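Asker: task: produce atomic coordinates for the following.
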Amino acid sequence: MGSEDMKRLMNIEPSPVVKVFLTMLPFVIAVVVYWLASEARLSENPNDKLLPSFTQIAAAVERYAFVENKRTGEYLFWQDSAASLWRIGLGIGISACVGLVVGMLNGLLPMVRAGLSPFITILSLIPPMAILPILFITFGLDELAKVMLIIIGTAPVIMRDMQSQVTQLPREQLIKAQTLGASTWLVAIRVVLPQILPRLLASVRLTLGAAWLFLIAAEAIAAQEGLGYRIFLVRRYMSMDVILPYVIWITSLAFAMDFSLKKLSMLCFPWFHQGEAK
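Answerer: Residues are numbered from 1 along each chain as shown. Okay, here's the model as predicted:
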């Protein structure tokens, strides 16, 4: 019976070489499928813009990333990347700080939880895109409205997650700390905070996708630079040779942020990741 259990698929771990192969396989298939579809469309209509060839995409990347814009003297690709990264970094950073503080207070202090928890729950259920016009009317069309959209869309989710994590901590730990003479402040800093910090990083990772969505939407409506702005600017010309690399670049940036946060969490809180599947 034990031998049969060991032969089940769920117990078979791929070797490093096989793991690399399986990781790359979907990407290779996607590239091949796109190449075949592009070749088929361009053979029928060389002016087709829906599926540009890799040569056309490379030319567009070179034009936007490595050739100065004649009007501004800037490299548009990197200018857009810097603007978007600044906005999302600021928005996510503020959301993480606010989410940590408010979530910890909600989870630790019953009086605060009774007053704020229902409000935060309702706030987290408001579709951020629905209040985008309100944000532009209130904060104008500058950077603040775009950053506020990211904060409103992600901070309440982080708050609720942090509150949940605090309330799930063993009650015995909090009682023991108080028995040893710790004040509420010391319990929060010395007992609660170290245990929820890794969960904060995990929560931020989970909100990254939504944060990028809010950023792209805000940039598409009111911006003069940014990755979302550029995509919606060139869409009127059906410039898929520009849109596709921009989408791939946005995905790469989001993956790099997620990967960096995961590695930071593993480096700072190895105990949190014990038992995870490799």
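Asker: distance of the most centrally placed residue in the chain from residue 44?
Answerer: The chain has residue 208 as the residue nearest its centroid, 1.5 Å off, counting by C-alpha atoms, centre = their mean. Look at residue 208 and residue 44: by C-beta to C-beta, to the nearest Å, they are 40 Å apart. From N, CA and C alone the C-beta is placed, and that goes for glycine too.
Asker: residues contacting residue 199?
Answerer: 161, 162, 165, 272 (C-beta atoms under 8 Å, 6 or more residues apart in numbering).
Asker: the first one and residue 102 touch, don't they?
Answerer: In other words, residue 161. No: counting by C-beta atoms under 8 Å, residue 161 stays clear of residue 102, with 11.2 Å between them.
Asker: where do the helices sit along the stretch 51-200 of the chain?
Answerer: Remark: helices assigned in the stretch 51-200 of the chain by DSSP state H, counting those that start in this stretch are 54-65, 76-108, 110-124, 132-139, 143-167, 171-179, 184-186, 193-221.
Asker: what's the strand or helix carrying residue 33 packed up against?
Answerer: Using DSSP states H and E, residue 33 sits within helix 16-44. In this structure, helix 16-44 makes packing contacts with no helix or strand, judged by 3 or more C-beta pairs under 8 Å, 6 or more residues apart in numbering; DSSP states H and E.
Asker: burial of the nearest residue to residue 225 once chain neighbours are set aside, as a residue count?
Answerer: Sequence neighbours aside, residue 83 is the residue nearest to residue 225 in space, at 4.5 Å (criterion: C-beta to C-beta, 6 or more residues apart in numbering). Per other C-beta atoms under 10 Å, the neighbour tally for residue 83 reads 22.
Asker: wait, what's in contact with residue 83?
Answerer: With C-beta under 8 Å, 6+ apart as the criterion, the residues that contact residue 83 are 223, 225, 226, 227.
Asker: gap between residue 252 and residue 245?
Answerer: 10 Å.
Asker: right, I'll leave it there.
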